[in-house]
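Trainee: No sequence on hand, only this structure:
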């Protein structure tokens, strides 16, 4: 069963006919929100609001371990993470939808593994290719079916937040090869891998990253891009045959 983790701007999944609500409690603390189980275009689907509903949890305080654990308990067999991001590549204007194929983790201090020697014994995982190839292909096909252009591939750089980055930090990330910057891509992707659940990301560019354009980034600009782009994200998800 597909699970959708909604990010900034996607705290509800319109069109989901809810049949069951799974609570937030897990052995790792509370998940950000209840997991909603329902039908989306006649297909069973799960939905979880990453930042809570209403939006209240900053990126570094999201209990990613509880969120992924709760989705697994609810029956998730595939997970799609929706992320609002900044565009480091100048070619990626606001409103661009991208399906990244790589990521770099710049975060610190987050509970980033189940295999911490306390909750579960130490274990190593291969994370060479952080996103599931088959689910990525299904997502790109959903974009075509929805009439939306999805950029295929690119490196997502995950920063700590909740502040936006400095121009110097973005310049460094560009040198590292990042095309996108966000705050919630990790440890979510790695935790899904530890649980053996295929995971992919649908990223919506809502602003140029710091220093990409010679002006200040405003929250009004981000909110406007979210308002326009989230409806397109939902169209893609409704066409997803994963």
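Mentor: Received it, and whenever you're ready, just let me know what you need. Remember, predicted model here, so these are calculated numbers, not experimental data.
Trainee: Please, which helix or strand holds residue 241?
Mentor: Taking DSSP states H and E as the definition, residue 241 sits outside all helices and strands.
Trainee: Tell me who's in contact with it.
Mentor: 138, 141, 142 (C-beta atoms under 8 Å, 6 or more residues apart in numbering). All C-beta spots, glycine's among them, are computed from the backbone N, C-alpha and C.
Trainee: Now do stretch 226-238: everything it contacts.
Mentor: 4, 8-10, 13-15, 40-41, 80, 82, 84, 94-95, 97, 139, 142-143, 146-148, 150, 202, 204-206.
Trainee: buried subset of these?
Mentor: Buried subset of the contacts of stretch 226-238 (neighbour count, 16 or more other C-beta atoms under 10 Å): 4, 8-10, 13, 40, 80, 82, 84, 94, 97, 139, 142-143, 146, 150, 202, 204-206.
Trainee: Which ones among the residues you listed map onto helices?
Mentor: 139, 142, 143, 146 (DSSP state H).
Trainee: Number of residues surrounding residue 90?
Mentor: Using other C-beta atoms under 10 Å, residue 90 is surrounded by 12 other residues.
Trainee: my read is it is in a strand, agree?
Mentor: No: with DSSP: H, G, I helix; E, B strand; the rest coil as the criterion, residue 90 is assigned coil and is not in a strand.
Trainee: Make sure it is actually in contact with residue 208.
Mentor: Yes: when contacts are counted by C-beta atoms under 8 Å, residue 90 is listed as touching residue 208 (7.4 Å).
Trainee: Any chance of the backbone angles for the residue lying farthest from the centre of the chain?
Mentor: Residue distances from the centre of the chain (C-alpha atoms, centre = their mean) peak at residue 214, which lies 27.8 Å from the mean C-alpha position. Backbone torsions of residue 214, given as degrees, to the nearest 10, read phi -90, psi 60.
Trainee: Can you check the pLDDT for it?
Mentor: Here, the pLDDT recorded for residue 214 equals 80.
Trainee: repeat for residue 224
Mentor: Listed pLDDT for residue 224 reads 87.
Trainee: Quick check: phi and psi at it.
Mentor: Dihedral angles (degrees, to the nearest 10) for residue 224: phi -70, psi -40.
Trainee: Please verify my assumption that residue 47 contacts residue 34.
Mentor: No: checked against C-beta under 8 Å, the pair residue 47 and residue 34 is beyond contact range at 9.3 Å.
Trainee: before we move on, back to that, need the contacts of residue 241 in TSV with distance to residue 178 and pLDDT, can you?
Mentor: Below are the contacts of residue 241 laid out as TSV (distance: C-beta to C-beta, whole Å; pLDDT from 0 to 100):
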residue	distance to residue 178	pLDDT
138	25	97
141	26	97
142	25	96
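Trainee: Can you give me the distance of the nearest residue to residue 67 once chain neighbours are set aside to residue 163?
Mentor: Of all residues not flanking residue 67 in the chain, residue 31 sits nearest, at 4.9 Å (C-beta to C-beta, 6 or more residues apart in numbering). Here residue 31 is placed at a distance of 25 Å from residue 163 (C-beta to C-beta, to the nearest Å).
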